[in-house]
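Trainee: sequence unknown, structure follows:
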């Protein structure tokens, strides 16, 4: 199994027609992000791989993938899909908006407990917030950063509530994978996050 590590240093969005593509073609790789990833399937069908778990997707499916969790997207062979993404520094966003450490840790523990995978018709309020945030980022009107921060705060609270109830959603919430391979890569990720500004070399 191959892995790619992707490090973001700020909130990031991947929106627009450039993300209409045949996902997974000639590529067999799982990758990580150091930020929370929220993905929306605008159209197409195929499979999502979450570590060793595989789930089908089609239009309207949404992924909320905790940081450092291995995953990849594969379109149905010979077809294209359109995914759009939000990458959120949930740790800093929550730390800056919840001064009570206990509340902040509870929120993060829930959010980082696994992958939340659902259809927009199943959780319309959460889906609507995600769609709204994406449109605000797309339009980038005056004060859009300040506007999205408040919406992201509300979104993370709602996601946390659902993750807290994950025992009732065994098919839509996947536990964080803990394998020897992922453990090794998680340690590498932690080191890179702490030393990304330095000249990092591969040691023995």
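Mentor: Yep, that arrived. Note that the structure is a prediction, hence the values are computed from the model and not measured.
Trainee: The closest residue in space to residue 112 that isn't next to it in sequence - how many residues pack around it?
Mentor: For residue 112, ignoring the flanking residues on the chain, the nearest one in space by Cβ to Cβ, 6 or more residues apart in numbering is residue 66 at 4.7 Å. In this view, the C-beta of every residue, glycine as well, is placed from N, C-alpha and C. By the criterion of other Cβ atoms under 10 Å, residue 66 has 21 neighbours.
Trainee: From residue 160, how far out is residue 66?
Mentor: 12 Å (Cβ to Cβ, to the nearest Å).
Trainee: Model confidence for the residue nearest to the spatial centre of the chain, exactly?
Mentor: Central residue of the chain (Cα atoms, centre = their mean): residue 37, 1.7 Å from the mean position. Note on residue 37: pLDDT of 94.
Trainee: In which helix or strand does it reside?
Mentor: Applying DSSP states H and E as the criterion places residue 37 in strand 36-43.
Trainee: What residues sit buried inside that strand?
Mentor: By 16 or more other Cβ atoms under 10 Å, the buried positions in strand 36-43 come out as 36-41.
Trainee: Give the other helices and strands that that strand contacts.
Mentor: Counting contacts by 3 or more Cβ pairs under 8 Å, 6 or more residues apart in numbering; DSSP states H and E, strand 36-43 packs against strand 61-65, strand 81-88, helix 124-139.
Trainee: tally of neighbours for residue 122?
Mentor: Counted with other Cβ under 10 Å, the neighbours of residue 122 add up to 15.
Trainee: The nearest residue to residue 21 once chain neighbours are set aside: how many residues sit nearby?
Mentor: Take residue 21 and drop its neighbours on the chain: the residue closest to it by Cβ to Cβ, 6+ apart is residue 80, 5.8 Å away. Using other Cβ under 10 Å, residue 80 is surrounded by 15 other residues.
Trainee: list the contacts for residue 80?
Mentor: Residues in contact with residue 80 (Cβ atoms under 8 Å, 6 or more residues apart in numbering) are 20-22, 44.
Trainee: Can you select the buried ones from those residues in PyMOL?
Mentor: Buried subset of those, written as a PyMOL selection, criterion 16+ other Cβ under 10 Å:
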select buried, resi 22+44
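Trainee: Go through the contacts of residue 80 and flag which are in helices.
Mentor: Cross-referencing those against helices under DSSP state H gives no overlap.
Trainee: Turn the contacts of residue 80 into JSON lines, columns for pLDDT and distance to residue 107.
Mentor: Formatted as JSON lines, those follow (pLDDT from 0 to 100; distance: Cβ to Cβ, whole Å):
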{"residue": "20", "pLDDT": "94", "distance to residue 107": "34"}
{"residue": "21", "pLDDT": "93", "distance to residue 107": "34"}
{"residue": "22", "pLDDT": "94", "distance to residue 107": "37"}
{"residue": "44", "pLDDT": "97", "distance to residue 107": "32"}
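Trainee: and which of the contacts of residue 80 is nearest residue 32?
Mentor: If you rank the contacts of residue 80 by distance to residue 32 using Cβ to Cβ, residue 21 comes first, at 20.3 Å.
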